[in-house]
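Asks: coords please:
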Amino acid sequence: MEIPALVREELGDEELRAGVPIGDEDVVCATPTRTLVYNAEGLLSDEGIDAFPHDADRLELSEGRRKTTFKLTYVDGTRSFSVPGDHTRDVLTLLLEGILGAHGVIADGESVVGAFRFSELTLVIAEQQLVRHIGATVWDDDFETYAYEDLTGLAFEEGSVATEVVISIDGRPQRIKTPRDDARLVEETLKKAVFEYYDVATLAELDRVVGLDEDDDKAPDGNDLTLGSDIDPLVTDAEVEDPPAEPATEPAAGTAVESTTPESASDQPEPQQTEQSVVDSNNDTTDEARSIDTDIGDSEMGAADRGDETLNLSADSDPDVATAEEVEELREQMGELSTAVKRQNQLLKKQHNAITELVEQLRTQ
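Replies: Numbers count the residues shown, from 1 in each chain. Just a heads-up that it's a prediction; the model follows:
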């Protein structure tokens, strides 16, 4: 794209980060601090350039049949400019990159891969995070961010009307609905950003990096929780990898219940119980950790129960005539149980670290 001489003069010493042609010789350019809208000389207008600083408090979008108007609100008033409708998404991406960078939402030098506006949902896919804003405005200070470094899963669930983006952050899934007509573009754009961040090429590779492999790096042995800790792992690796020959005596579910009973907690010294009760009654973070642990624990114990039922059903049949399909089903069930246990151990470890930190803070007060 050729940069008009008037734009070069307006830039001065500033860096030109990107530009979007919007028809004929008109262009929209962006620097780190402002967006420049250049209009070439026409039959009814003179050549001109307008600058829109990125420190706007609010951005609104009005789409018409042929043109889209961008309205920026500042402390001292509002300003707006219009572009042809078929260039809306490109200009929106350029403008939001500048605004989010100026407000510190994205890092210095971080680019926006794509920006989308669906009714009252704004979705910004950046190189290191996903930004979501819901409301009549395209952007203001009420938004949510999902950092790729905290990603534990990514999936896309197609429906008859919309496709849901399911992005899991620290084990908690967040669901974002996108219209079916634009779902493929959103999916490909988000994949591109996340895949480049983790240097993978497929969702299967991503799952291995942020899923089980990530768990192994953070907690290679579930028994690590017992070292200097008052929390025992739900199930040891031996119980997961080498189940007893008789499925009916499988102790995994029972062990998980016993390890968290009040009797186990009563063996701890009374001063620690006093500190723990203070943390439980006065700190919302501890309550939230316990809630997360309970919700996910119930779900994963359900997976363990299903594994037990499958083992019991297979035990009733003659092992000499077991089919390959039955063996594969058992293997899948045991894999699911192993994954659930490892995830539970990881969450317990996070909970314990949070409790330990809060107790330490109370001691220093």
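
Asks: so where is the stretch 101-250 of the chain shaky, pLDDT-wise?
Replies: 212-250 (pLDDT under 70).

Asks: ranges for the strands of it?
Replies: Using DSSP state E, counting those that start in this stretch, the strands assigned to the stretch 101-250 of the chain run over residues 112-118, 121-126, 129-134, 144-147, 151-158, 162-169, 172-179.

Asks: buried set for the third one?
Replies: In this case it means strand 129-134. Across strand 129-134, burial judged by 16 or more other C-beta atoms under 10 Å covers 129, 130, 131, 132, 133. (Glycine included, C-beta is placed from N, CA and C.)

Asks: tell me the most buried of the strands of the stretch 101-250 of the chain?
Replies: Highest mean neighbour count among the strands of the stretch 101-250 of the chain (mean count of other C-beta atoms under 10 Å): strand 121-126, with a mean of 22.

Asks: show me what it is packed up against.
Replies: In terms of contacts (3 or more C-beta pairs under 8 Å, 6 or more residues apart in numbering; DSSP states H and E), strand 121-126 is packed against helix 88-102, strand 112-118, strand 129-134, strand 172-179, helix 180-198.

Asks: pull up the pairing partners for it, direction included.
Replies: Sheet pairing here is set by DSSP bridges, and for strand 121-126 it gives strand 112-118 (antiparallel), strand 129-134 (antiparallel).

Asks: can you list the ones you listed in JSON lines and add distance to residue 83?
Replies: Listed next are the strands paired with strand 121-126 as JSON lines, based on distance: least, C-beta to C-beta, whole Å:
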{"stretch": "strand 112-118", "distance to residue 83": "14"}
{"stretch": "strand 129-134", "distance to residue 83": "21"}
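
Asks: which among these is found nearest to residue 25?
Replies: Among the strands paired with strand 121-126, strand 112-118 comes nearest to residue 25, with 24.8 Å by C-beta to C-beta.

Asks: per the record, what domains does this structure have?
Replies: 1-105+135-141, 220-364 (automatic domain parsing).

Asks: so what's residue 93 closest to, chain neighbours aside?
Replies: Ranked by C-beta to C-beta, 6 or more residues apart in numbering and with sequence neighbours excluded, the top spatial neighbour of residue 93 is residue 115, at 4.2 Å.

Asks: any idea how far residue 88 is from that neighbour?
Replies: 10 Å (C-beta to C-beta, to the nearest Å).

Asks: likewise residue 52?
Replies: 16 Å.

Asks: who has more neighbours, these two?
Replies: A count of neighbours by other C-beta atoms under 10 Å puts residue 52 above the other of residue 52 and residue 88, at 22 against 19.

Asks: sec struct for the more buried one, please.
Replies: strand (DSSP: H, G, I helix; E, B strand; the rest coil).

Asks: list the contacts for it?
Replies: Taking C-beta atoms under 8 Å, 6 or more residues apart in numbering as the criterion, residue 52 is in contact with 34, 35, 36, 37, 72, 79, 81, 95.
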